[in-house]
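A.B. asks: please find the sequence and the predicted model below.
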Amino acid sequence: MTIEIRALASADWDQWLATLELGFGGVPVSAEQRELWRELFDTGRPVAAWEDGEVVGTAGAVAFRLTVPGSAAVAAAGVTTVSVPPTHRRRGILRSMMRRQLSDFRSWGEPLAILVASEPAIYGRFGYGGATRSLSAEIDTNLVRLAVPAGADDVRLRLRPADTDEARAVCESVYARRVGARPGMLARQPGWDRQVTFDPESRREGASPLQCVLAEAGGETVGYARYAVRPGWTPAGPDGTVLLRDIEALTPAAYAALWRYLFGIDLTTRISVQSRPVDDALLHLVSDDRRCRLGVRDSLFVRLVDVGAALAARTYQTPVDVVLDVADPFCPWNEGRWRLTGDAKGASCERTDEPAD
């Protein structure tokens, strides 16, 4: 039968989600997550593959802005909730949805598409490539010590626990101020902070509800950490784990003070953290990074939807003047020669007939 790809209509939301669940092994999405996704997803952005009146493929997209070198925030489509049920594999459905998405992103003026890949090999076929890497750590807090800078002891800097929901707005304000400082960070759309702090009991696996601690200086929130604690005991005593969800700070002193707080949580012996930058300042605070069990893996995958707009949106530390010959059969509008010129102040990328370098 013929497969049709079209934008998701509001009336088809429940069927779309049911197909998504099937594609991810049949694990049901909680009612709370369903409601949150429905609020966050612009109904016109996700697409569905249809066959004989049934949804047989899903692909969502969320509007973000991505910081690129030079601190500019560029419109980027965040690809998510991609699935095809086992009954419809190897029929070109995923390829058709990916092509439809990229055409939509181009028409919406989004020069970049981004995703975190469940399996990286899948998305290289459609022009996505690894752009950032992330750091994970399992820190033995009994054996690792922190070299905390003197500023962390400033009496004007104080830490206080806060209700996670009530503190969401001030945490998001700190995060937003951090976005421009690091290429690869996402400026989140309004409401997306609710997804960041989404904490249903079904996901906790024996851990506490999500907790929050704020760092404040001069009446201003300058940092935060959100975490849970999973209790544990051995014959020798307490062996709990601090599960660090996220941590951001506007000053080195606040960042170090937050880490010292996490190291000192009672009845715990380790901190587990994922998705930190590979050059995280934590590496300069710990006494023994071997006992932090560091790991590095792929993080954000990026696809240039509009080559000219994407390459012109960033700056270049070294002056560049080069003609590129682009082959892109999946997005043929990118094919051809482009002249890229730029430096630390700005860049342009235009069509050219000049020979390629």
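C.D. replies: Yep, it's here.
A.B. asks: tell me the first helix or strand C-terminal of the helix-or-strand element of the chain with minimal mean pLDDT.
C.D. replies: Every helix and strand in the chain was compared by mean pLDDT, DSSP states H and E; the lowest is helix 31-40, with a mean of 85. Downstream of helix 31-40, the next assigned helix or strand under DSSP states H and E is strand 47-51.
A.B. asks: what packs against that next one?
C.D. replies: Using 3 or more CB pairs under 8 Å, 6 or more residues apart in numbering; DSSP states H and E as the contact test, the elements touching strand 47-51 are strand 4-7, strand 54-67, helix 93-107. From N, CA and C alone the C-beta is placed, and that goes for glycine too.
A.B. asks: residue 45: which of the ones you listed is closest?
C.D. replies: When those are ranked by proximity to residue 45, the top entry is strand 54-67, at 4.5 Å, counting by CB to CB.
A.B. asks: direction included, what does the next helix or strand after the closest one pair up with?
C.D. replies: Next helix or strand after strand 54-67 toward the C-terminus (DSSP H and E): strand 73-83. For strand 73-83, the pairing partners within the sheet under DSSP bridges are strand 54-67 (antiparallel), strand 112-115 (parallel).
A.B. asks: from residue 121, how far off is residue 69?
C.D. replies: 27 Å (CB to CB, to the nearest Å).
A.B. asks: settle it for me: which of the two has more neighbours?
C.D. replies: For the pair residue 69 and residue 121, the greater number of neighbours falls to residue 69 (14 against 7), based on other CB atoms under 10 Å.
A.B. asks: show me where this structure dips below the pLDDT cut-off.
C.D. replies: Low-confidence regions of the chain, defined by pLDDT under 70, span residues 1, 43.
A.B. asks: quick one, helices of it?
C.D. replies: Secondary structure of the chain, counting by DSSP state H: helices at 13-23, 31-40, 93-107, 120-123, 168-179, 193-196, 252-263, 307-312.
A.B. asks: need the residues that contact the fifth one.
C.D. replies: I take that to be helix 168-179. The contact list for helix 168-179, computed with CB atoms under 8 Å, 6 or more residues apart in numbering, reads 67, 73, 185-188, 193-194, 197, 212, 214, 221-224, 226, 248-250.
A.B. asks: filter the residues you listed to the buried ones?
C.D. replies: Among the contacts of helix 168-179, those scoring as buried are 67, 73, 185-188, 193, 197, 212, 214, 221-224, 226, 248-250 (criterion: 16 or more other CB atoms under 10 Å).
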